[in-house]
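1. mind looking at a prediction? Sequence and model below.
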Amino acid sequence: MAYSVVVRGTVYRAMCGNGNSLNLNSSGLKSVPEFVSRFPNLSVLLLCYNSISDLPTHFQSLCHLTELNLGNNALKEFPVVLSHLGSLRKLYLYRNKIDVVSPDAIGHLRNLVVLNLNHNNIQRLPPEIGRLRNLQHFTMLDNKLEELPDEVGCLKKLCTINLTFNNLSRLPQQLYSCKNLIQLYVARNRLTKLPEGITALVKLRVLDVAGNMLSIFPIEFHLLHLTELYCEENWLIKFIPVPLPPQPALLSLKVKLFLTAERPVVQQQLLYRVQGPLPHFMGGVCAIYQSEEGHEHEELSHYSSPVCPVFIQMLQRTRTLLLCR
């Protein structure tokens, strides 16, 4: 049903359905009309593509509102009045000028399922975002976010999170507590590594880390059941297999890793200093020898497995290794 409302000499054409939804998209609004508060049972309100810079106090009377779209407006901060809309399940604030997210406002929206803050200027999120226990889809594409609060780990129902095009240099370990996470988009940030323990995300199927500064993946990364992986434009170490020589030969540790790597990425530290356990794929080597300059080879195969930390701790000085398969 369509009807017209005259406000200060301007005619607004509103689209309603069963009296529960109101569409004021692209209406040239600079503020929310007062007549909106006359719909106390309103559940869906569409106000995108206007020039609204603030929300009036009468907005809090819309206590039954479940969906609010304020995309493409001129809001400069997360509206505090939204804290009174406890029934909200879908909130769209994309393409505004928001740079501040009020802890008091966001912390009370505990029924939110969808939160879209794309294309704003937000640098920080308050810890209170951890109170959104029903949040399933969270997107902050193209902001200036510098840090993701540890409290994001409290979002146990989170399925999708999109933080592409931000300024993140790290992800909190607590993110791996979101066991229902299916899609993780963190492309075009400043990440240098992913926290260990990513295999805790047993439902993760899509991972986008393109355009960061990653040089390695976590050790157990290959155990993820990904269907889509985007990792282009990073600093990942790539290993090209070297043909196995016909006779056992002395190889440096660096060449040895080239020879035995079955995956394109290994821990960078193994290329420059010998410390910590060797990668799991070294288990395919059946015999390993070490030697110091001027000394004979010493067989180390009796140290259970090449992945054994005890074995790697013995190689504190420059050594050459003889590998036999």
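-> Happy to help now that I have it.
2. make it CA atoms for all contacts and neighbour counts henceforth
-> Will do.
3. what ranges does the stretch 1-150 of the chain have for its helices?
-> Along the stretch 1-150 of the chain, counting by DSSP state H, counting those that start in this stretch, helices occupy 103-106.
4. what ranges in it fall below the confidence cut-off?
-> Across the stretch 1-150 of the chain, the ranges flagged by pLDDT under 70 are 1-19.
5. ditto for the stretch 201-325 of the chain
-> Those would be 237-325, if you go by pLDDT under 70 across the stretch 201-325 of the chain.
6. need the contact partners of stretch 128-140.
-> 103-104, 106-119, 151-164 (CA atoms under 8 Å, 6 or more residues apart in numbering).
7. quick one, strands of the stretch 51-200 of the chain?
-> 67-69, 90-92, 114-116, 137-139, 160-162, 183-185 (DSSP state E, counting those that start in this stretch).
8. and the residue nearest to residue 231 when sequence neighbours are not counted, helix, strand or coil?
-> Once flanking residues are discounted, residue 231 sits nearest to residue 210: 4.2 Å by CA to CA, 6 or more residues apart in numbering. Under DSSP: H, G, I helix; E, B strand; the rest coil, residue 210 falls in the coil class.
9. and the gap between residue 210 and residue 94?
-> Distance, residue 210 to residue 94, by CA to CA, to the nearest Å: 23 Å.
10. more neighbours, the two?
-> Remark: of residue 210 and residue 94, residue 94 carries more neighbours, 24 against 20, as counted by other CA atoms under 10 Å.
11. who touches that one in this structure?
-> 70-72, 116-120.
12. how close does the spatially closest residue to residue 28 that is not a sequence neighbour get to residue 118?
-> Take residue 28 and drop its neighbours on the chain: the residue closest to it by CA to CA, 6+ apart is residue 50, 5.2 Å away. For residue 50, the distance to residue 118 equals 17 Å [CA to CA].
13. more neighbours: those two, which one.
-> Each of residue 50 and residue 118 has its neighbours counted (other CA under 10 Å); residue 118 has more, 24 against 20.
14. doesn't residue 143 make contact with the more buried one?
-> Yes. Using CA atoms under 8 Å, residue 118 is in contact with residue 143, at 6.9 Å.
15. okay, domains of this structure per the record?
-> Domains of the chain are assigned by automatic domain parsing as 19-230, 250-324.
16. which residues touch residue 200?
-> Contacts of residue 200 by CA under 8 Å, 6+ apart are 176-177, 179.
17. swap the cut-off to 6 Å and go again
-> residue 176 (CA atoms under 6 Å, 6 or more residues apart in numbering).
18. then residue 51?
-> 29-30, 73-74.
19. can you put the contacts of residue 94 in JSON lines and add distance to residue 234?
-> Shown next, in JSON lines, are those (distance: CA to CA, whole Å):
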{"residue": "70", "distance to residue 234": "35"}
{"residue": "71", "distance to residue 234": "32"}
{"residue": "72", "distance to residue 234": "33"}
{"residue": "116", "distance to residue 234": "27"}
{"residue": "117", "distance to residue 234": "26"}
{"residue": "118", "distance to residue 234": "24"}
{"residue": "119", "distance to residue 234": "24"}
{"residue": "120", "distance to residue 234": "25"}
